[in-house]
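Q: here are the coordinates; sequence isn't available:
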């Protein structure tokens, strides 16, 4: 048996500014707030700025999209295959004799199960595709808010011009603090809204798959990307 | 349309309304902060000089008026 060095077996922790999935989506804003903190415009720490965006950072939308696309294609190809199978259905009624009737019965049972499976797959794929579209929109708005609040221009002054503007009295620290706080609140709202949407949508998709399977314990718990969100 | 899709649409509508409200709040707050910005530096300096002059005058005027016996006539001085 080969033993790995301790450094390779130890848990690898991401740097402070990174979620397990990578850097926070709020890093640009965190950098801006750090400058504001140096100017005495806020006392909020970096981790508090990042926290509302944690669920967004942990969600892998590209993987979710890929699953949604794969499921939609699978549902479509199954529908096409069923259409082709339907051509031979009439011949089943013509089967005669004990063996023919038994085979026909078995085929009907399998056909019913297949129809149920297809219905579940259609419903699940439809919900997943819808969820993908919703999350694309939500994440786009979240990115837009972060881009707005991260703009390196406050009260009409570029960041590097702020100290001089404050020292000369051209800018009031009070009004600047107001703008910084407005940005902090805006970013936090966006993070909470996007995080709630991700959690709500993921729960609905998981429910769509498990309800589709007929009972809560009989079906898939939405194991794909969703497993990471629970 | 399945029940799940209907519920997903409801989440989308609720989230979009939340973002719209957050956008509005941010615009209103930054607009309020910017209209409350201080006056231009030149005006601010002039105002500071006028206030300083008035304060200085407040100290000098009594000294000028007292020998003339006119201090009691100053506005704001209690009459005995």
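A: All right, it came through fine. Note that the structure is a prediction, hence the values are computed from the model and not measured.
Q: now for the longest helix seen in chain A, which elements pack on it?
A: In chain A, taking DSSP state H as the definition, the longest helix is helix A:97-149. Packing partners of helix A:97-149 (3 or more CB pairs under 8 Å, 6 or more residues apart in numbering or on different chains; DSSP states H and E): helix A:27-38, helix A:61-85, helix A:89-93, helix A:173-212, helix B:3-35. The C-beta positions use only the backbone N, C-alpha and C, and glycine is treated the same way.
Q: do that again at 10 Å, thanks
A: If you count contacts as 3 or more CB pairs under 10 Å, 6 or more residues apart in numbering or on different chains; DSSP states H and E, helix A:97-149 packs onto helix A:27-38, helix A:54-58, helix A:61-85, helix A:89-93, helix A:173-212, helix B:3-35.
Q: out of those helices, which comes closest to residue A:109?
A: helix A:89-93 (12.1 Å; CB to CB).
Q: what's the model's confidence in the closest one, averaged?
A: The average pLDDT for helix A:89-93 rounds to 63.
Q: Over to stretch A:164-178?
A: pLDDT averaged over stretch A:164-178 gives 87.
Q: now the end-to-end length of that stretch.
A: Chord length of stretch A:164-178, first to last residue, is 19 Å (CA to CA, to the nearest Å).
Q: which residues does the closest residue to residue A:199 other than its chain neighbours contact?
A: Nearest non-adjacent residue to residue A:199, counting by CB to CB, 6 or more residues apart in numbering or on different chains: residue A:55, 6.7 Å away. Contacts for residue A:55 were tallied using CB atoms under 10 Å, 6 or more residues apart in numbering or on different chains; they are A:19, A:191, A:192, A:194, A:195, A:196, A:197, A:198, A:199, A:202, A:229.
Q: after the longest helix of chain A, next one along is what?
A: strand A:153-154 (DSSP states H and E).
Q: same for that following strand, what does it pack against?
A: Counting by 3+ CB pairs under 10 Å, 6+ apart, strand A:153-154 packs on helix A:27-38, helix A:162-168, helix A:173-212.
Q: Which of those helices has the lowest mean pLDDT?
A: Among these, helix A:162-168 has the lowest mean pLDDT, at a mean of 88.
Q: How about it and chain B, touching?
A: Yes. Shown here: helix A:162-168 in contact with chain B (CB under 10 Å from any CB of the partner chain) through A:165, A:168.
Q: buried sites along that helix?
A: Using 16 or more other CB atoms under 10 Å in any protein chain shown as the test for burial, helix A:162-168 gives A:162, A:165, A:166.
Q: so the first one makes contact with residue A:41?
A: Yes. Here residue A:162 lies in contact with residue A:41, judged by CB atoms under 10 Å, at a distance of 8.5 Å.
Q: what sits in contact with each of these two?
A: The contact sets of residue A:162 and residue A:41 overlap at A:35, A:154, A:176 (CB under 10 Å, 6+ apart).
Q: Among those residues, which one lies nearest to chain B?
A: residue A:176 (8.2 Å; CB to the nearest CB).
Q: quick one: contacts for the closest one?
A: Residue A:176 makes contact with A:36, A:39-42, A:154-155, A:157, A:162, A:165-166, B:33, B:37 under the criterion CB under 10 Å, 6+ apart.
Q: I'd like the distance from the lowest-mean-pLDDT helix or strand in chain B to the chain centre, please.
A: Ranking every helix and strand in chain B by mean pLDDT, DSSP states H and E puts helix B:41-65 at the bottom, with a mean of 80. Its chain's C-alpha centre and that of helix B:41-65 lie 22 Å apart, by CA atoms, centre = their mean, to the nearest Å.
Q: what helices or strands is it leaning on?
A: Packing contacts for helix B:41-65, counted by 3+ CB pairs under 10 Å, 6+ apart, involve helix A:162-168.
Q: which helices and strands does the helix it packs on pack with?
A: Contacts defined by 3+ CB pairs under 10 Å, 6+ apart place helix A:162-168 against helix A:27-38, strand A:153-154, strand A:157-158, helix A:173-212, helix B:41-65.
Q: Quick check, residue A:56 in contact with residue A:139.
A: Yes. Here residue A:56 reaches residue A:139: they are 6.9 Å apart, a contact under CB under 10 Å.
Q: More neighbours: which of the two?
A: Neighbours per residue, other CB atoms under 10 Å in any protein chain shown: of residue A:56 and residue A:139, the larger number sits with residue A:56, 27 against 17.
Q: Just give the closest residue to the more buried one, not the sequence neighbours.
A: Looking at residue A:56 with CB to CB, 6+ apart, the closest residue is residue A:194, at 4.9 Å.
Q: The one you found touches residue A:136, doesn't it?
A: No. Counting by CB under 10 Å, residue A:136 is not a contact partner of residue A:194; they are 11.6 Å apart.
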